[in-house]
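S.K.: predicted coordinates and the sequence they were generated for:
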Amino acid sequence: MALKVVQCDAPGLGHLYLPGGTGASPAILLLHGSEGSEGWIGHRCAALFAAHGFVALPMAYAVGGNPWIAGDIWNISLDETERVMAALRAHPRCNGRLGVYGWSRGAEHALLAAALTSEPGSLTSPDAVAVHAPPDRVQGPWRNLFYRHREEGEPMTPPPAWGFRSDRLVSGLVAWTWRGRPIEEGAAIEIDRFSGPLFLSVGTDDEIWPSSMAGRLVEHLRAAGLDPEFKIYEGQRHMPDPDTWNLHLEQLLDFFERSIATPRDMNFSPNDGGSRHS
């Protein structure tokens with residue numbers, strides 16, 4: 001029997017993906033990259049996590065954007081991410097256990113959020129963090145400078161559809177803020193402050209930014225006495241091929257099942273909508 005996935009709009013959170021039934025489950029917050037909040041990656045992964053028994057929320061944090069053009073990543077308040085983590089953990093369908101998964105700029109976002117909320121006694125820090133293609137230092141703002149022309153002319157020979165907004169190149173911006181203050185580009189990501197389970201992965205042929213950044217991050221963590229899981233995908237680019245994505249998703253599910261779930265969480269009676277491995 002297939003496991004039912006239920007979608008709903010959760011006030012103060014956004015578009016939530018739930019496993020079938022009424023019981024409480026561990027939750028995963030998904031943080032998108034520069035493809036923006038309307039990108040397919042976050043919603044596909046959220047549906048997959050829900051089908052395997054997790055409450056899943058793709059957080060829409062980019063500024064602006066639509067299904068065709070991604071928004072911007074600039075002046076993003078990580079205080080808002082902290083609020084969302086607390087609200088997701090308190091959701092009636094969450095059992096109080098929270099994981100975070102981010103890729104590309106979302107990986108940076110996830111690492112920063114985990115590090116900054118990892119103060120002694122924090123009630124918002126996640127229980128586990130997974131990232132794909134992470135940087136080891138804070139990156140600059142992402143301004144989406146492309147826009148779509150109104151198309152005219154013959155249907156089979158339209159003019160170029162895309163333009164470039166050079167007027168949106170604004171200096172002095174940062175990608176992230178915390179407690180109202182900017183986090184400067186180039187600052188170290190102090191993820192060693194986070195003591196929970198960590199999963200990192202990267203493709204060796206990443207064309208967006210050097211895969212060595214992930215390696216340096218892992219070296220820093222190990223020097224601090226931590227033991228992150230590190231998966232290296234040989235010959236893969238920033239966006240892995242389908243076979244490697246399948247492997248990556250299997251590894252993610254395994255990581256979150258071990259780190260924030262219990263066997264009871266991952267088993268479902270017929271009244272809950274289906275079986276675990278359907």
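M.R.: Yes, it's here.

S.K.: got the contact list for the helix ranked longest in the chain?
M.R.: Counting by DSSP state H, the longest helix found in the chain is helix 242-260. Residues outside helix 242-260 that contact it (CB atoms under 8 Å, 6 or more residues apart in numbering): 26, 28, 45, 48-49, 52, 54, 97-99, 101, 127-128, 130, 132, 196-197, 199, 201, 203, 229, 231, 233, 236, 240, 266. The C-beta positions use only the backbone N, C-alpha and C, and glycine is treated the same way.

S.K.: which ones among those residues lie within strands?
M.R.: The strands, defined by DSSP state E, take in 26, 28, 97-99, 101, 128, 130, 132, 199, 201, 203, 229, 231, 233 from the contacts of helix 242-260.

S.K.: picking that back up, what about the longest helix of the chain, distance to the chain center?
M.R.: Averaging C-alpha positions (CA atoms, centre = their mean, to the nearest Å) puts helix 242-260 14 Å from its chain's average.

S.K.: pull out the buried residues from it.
M.R.: Residues of helix 242-260 classed as buried by neighbour count (16 or more other CB atoms under 10 Å): 244, 245, 247, 248, 252, 253, 255, 256, 257, 259, 260.

S.K.: just send these back as a markdown table, with pLDDT and distance to residue 80 too.
M.R.: A markdown table is the format used below for the buried residues of helix 242-260 (pLDDT from 0 to 100; distance: CB to CB, whole Å):
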| residue | pLDDT | distance to residue 80 |
| --- | --- | --- |
| 244 | 97 | 32 |
| 245 | 95 | 29 |
| 247 | 97 | 33 |
| 248 | 97 | 28 |
| 252 | 97 | 24 |
| 253 | 97 | 27 |
| 255 | 98 | 26 |
| 256 | 98 | 23 |
| 257 | 97 | 28 |
| 259 | 97 | 25 |
| 260 | 97 | 22 |
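
S.K.: where does pLDDT dip in the protein?
M.R.: 1-2, 68, 121, 145-171, 263-278 (pLDDT under 70).

S.K.: run through the helices of it in chain order.
M.R.: Using DSSP H, the helices found in the chain span residues 40-51, 78-89, 105-116, 212-223, 242-260.

S.K.: for those helices, give me CSV that also has distance to residue 32.
M.R.: Listed next are those as CSV, based on distance: least, CB to CB, whole Å:
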stretch, distance to residue 32
helix 40-51, 5
helix 78-89, 12
helix 105-116, 5
helix 212-223, 18
helix 242-260, 15
